[in-house]
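> Need the 3D shape of this:
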Amino acid sequence: MAWLESVSCALGCPPNDEEILLGRDRLHALPGNFRIVRCRTCGLMRTNPRPTLDAMESYYPEDYGPYESTKVNPSKGPPTRKKRFLKLLDTDTRKTPQLPPGRMLEIGCASGDFLHQMACLGWQVEGLEFSAKAAKAARSLGYPVRTGTLEAAPDPKEPYDLIVGWHVFEHLHSPVVALQRLHGWSKVGGWLALSMPDAASWEFRVFRDRWYALQLPTHLYHYTPKTLREVLSRGGWALKRLFWHHNPNNLLHSLRYCCVDHGWDRADAYLLDVVQGRRQRYLRLFLAKLLGTLRASGRMTAWATRI
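Numbers count the residues shown, from 1 in each chain. This next block holds a predicted model:
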């Protein structure tokens, strides 16, 4: 089986690329070096060569964070004081348009916490998940979840009012084709909500191959607001709003990569405490609010409507 493949620009531009950087898998420490190139015609960046669709599973260990970290709160009661405080700080990174409940599909639903959240709000939810283990966990909550890829998924029996994908879009091999499929699955006037790293961020320029959000080689495309708008348009969607997440993780983990590379163990230990420790939670919240307000967190959510 071929593990890597070279591909041309997803927007169909003639071959005219420039190399941006060469990096490695820092998240799971799997072997290999991977190159990011930018199309000189449209500016879209991609990992090239990249793992083939068949080989991709090898780069997602069973303990991959999005599969394991999901926690479902069965309570449907009123918001707690903590939830009201976090809402005030705007730390929710999974924003959706204010719509009346209808049919919703989540691409990459992991273990089902967002499906559960939306079901509690009255939505009829369905999920699609690459990991068999995570999909089984989501189905155990009582929600219909298919196991497999977007490329191989069957068409739904009824169209959706809302389709969401949280940090999934950058993993797709054929983004324009995927958007066209989602366009066909959506109702007229339907909405799409996608989150992904912002490759126009100052963090990418500063940290380069140490930028946490690169996550080579599983992030196949590296979008900026400009290139995302063009890719959405080619897929039949019109970008309506962009939000930058109130989240400091890209910055903190990128700094940790720098510490590891330079052997700065004490600084790395301090940063780990900032990431995980209760004593540093107010510092995390301050950084989250600052970076999100300045559109500098390196993470963004897009809302788009079906053209």
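> make it CA atoms for all contacts and neighbour counts henceforth
OK.
> Give me the longest strand you can find in the protein.
Selection of the longest strand in the chain by residue count, based on DSSP state E, yields strand 186-197.
> Strand partners (parallel or antiparallel) of that one?
In the sheet containing strand 186-197, the strands it pairs with under DSSP bridges are strand 160-166 (parallel), strand 299-306 (antiparallel).
> moving C-terminal of it, what's the next helix or strand?
From strand 186-197 onward toward the C-terminus, using DSSP states H and E, the following helix or strand is helix 202-207.
> on contacts alone, who are the packing partners of that following helix?
Taking 3 or more C-alpha pairs under 8 Å, 6 or more residues apart in numbering; DSSP states H and E as the contact definition, the neighbouring helices and strands of helix 202-207 are helix 249-262.
> CA atoms only for the helix it packs on, dumped as CSV, please.
Once non-C-alpha atoms are left out, helix 249-262 reads as follows in CSV (Å, rounded to 0.1, in the frame of the first residue of the first chain):
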residue,chain,number,x,y,z
ASN,A,249,-3.8,26.3,23.9
ASN,A,250,-2.1,27.0,20.6
LEU,A,251,0.2,29.6,22.2
LEU,A,252,0.9,27.6,25.4
HIS,A,253,1.6,24.3,23.6
SER,A,254,3.8,26.0,21.0
LEU,A,255,5.9,27.5,23.7
ARG,A,256,6.2,24.0,25.3
TYR,A,257,7.5,22.7,22.0
CYS,A,258,10.1,25.4,22.0
CYS,A,259,11.1,24.4,25.6
VAL,A,260,11.4,20.7,24.7
ASP,A,261,13.6,21.5,21.7
HIS,A,262,15.9,23.6,23.8
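> coming back round to it: can you put the strands paired with strand 186-197 in JSON lines and add mean neighbour count, mean pLDDT and distance to G184?
JSON lines is the format used below for the strands paired with strand 186-197 (neighbours: other C-alpha atoms under 10 Å; pLDDT from 0 to 100; distance: least, C-alpha to C-alpha, whole Å):
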{"stretch": "strand 160-166", "mean neighbour count": "23", "mean pLDDT": "99", "distance to G184": "10"}
{"stretch": "strand 299-306", "mean neighbour count": "23", "mean pLDDT": "98", "distance to G184": "9"}
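> Include distance to D273 when you put those into JSON lines, please.
Supplementary listing: the strands paired with strand 186-197 in JSON lines, determined by distance: least, C-alpha to C-alpha, whole Å:
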{"stretch": "strand 160-166", "distance to D273": "26"}
{"stretch": "strand 299-306", "distance to D273": "22"}
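> Tell me how far the longest strand of the chain lies from the chain's centre.
Its chain's average C-alpha position is 14 Å from that of strand 186-197, according to C-alpha atoms, centre = their mean, to the nearest Å.
> so what's the nearest residue in space to L4 that is not next to it in sequence up against?
Closest residue to L4 in three dimensions, ignoring its sequence neighbours and counting by C-alpha to C-alpha, 6 or more residues apart in numbering: P51, at 4.4 Å. P51 makes contact with 3-5, 217-218 under the criterion C-alpha atoms under 8 Å, 6 or more residues apart in numbering.
> Select from these the one having the most neighbours.
Each of the contacts of P51 was scored for neighbours by other C-alpha atoms under 10 Å, and P217 scores highest at 26 neighbours.
> re the thing from before, any idea which of the strands paired with strand 186-197 gets closest to S201?
Using C-alpha to C-alpha as the criterion, the shortest distance between S201 and the strands paired with strand 186-197 is 8.4 Å, found for strand 299-306.
> got the CA positions of the closest one in CSV?
Written as CSV, here are the backbone C-alpha positions of strand 299-306 (Å, rounded to 0.1, in the frame of the first residue of the first chain):
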residue,chain,number,x,y,z
ARG,A,299,-8.3,29.1,16.0
MET,A,300,-11.4,30.2,14.1
THR,A,301,-15.0,29.2,13.5
ALA,A,302,-16.8,29.9,10.2
TRP,A,303,-20.5,30.1,9.6
ALA,A,304,-21.6,29.7,6.0
THR,A,305,-24.9,29.3,4.2
ARG,A,306,-25.9,27.1,1.3
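> Now do V7 against R181, distance only.
With distances defined as C-alpha to C-alpha, to the nearest Å, the gap from V7 to R181 amounts to 20 Å.
> actually V145, sorry about that
As defined by C-alpha to C-alpha, V145 lies at a distance of 18 Å from R181.
> Likewise for A302?
Plainly put, A302 is 18 Å away from R181 if you go by C-alpha to C-alpha.
> before we move on, the earlier item: ok, V145 and R181, which is more surrounded?
Neighbours per residue, other C-alpha under 10 Å: of V145 and R181, the larger number sits with V145, 27 against 17.
> any idea how far stretch 262-271 is from the chain center?
Between the mean C-alpha position of stretch 262-271 and that of its chain there is a distance of 27 Å (C-alpha atoms, centre = their mean).
> re earlier: so what touches the longest strand of the chain?
When contacts are defined by C-alpha under 8 Å, 6+ apart, strand 186-197 is touched by residues 94-97, 159-170, 213-214, 222-223, 298-307.
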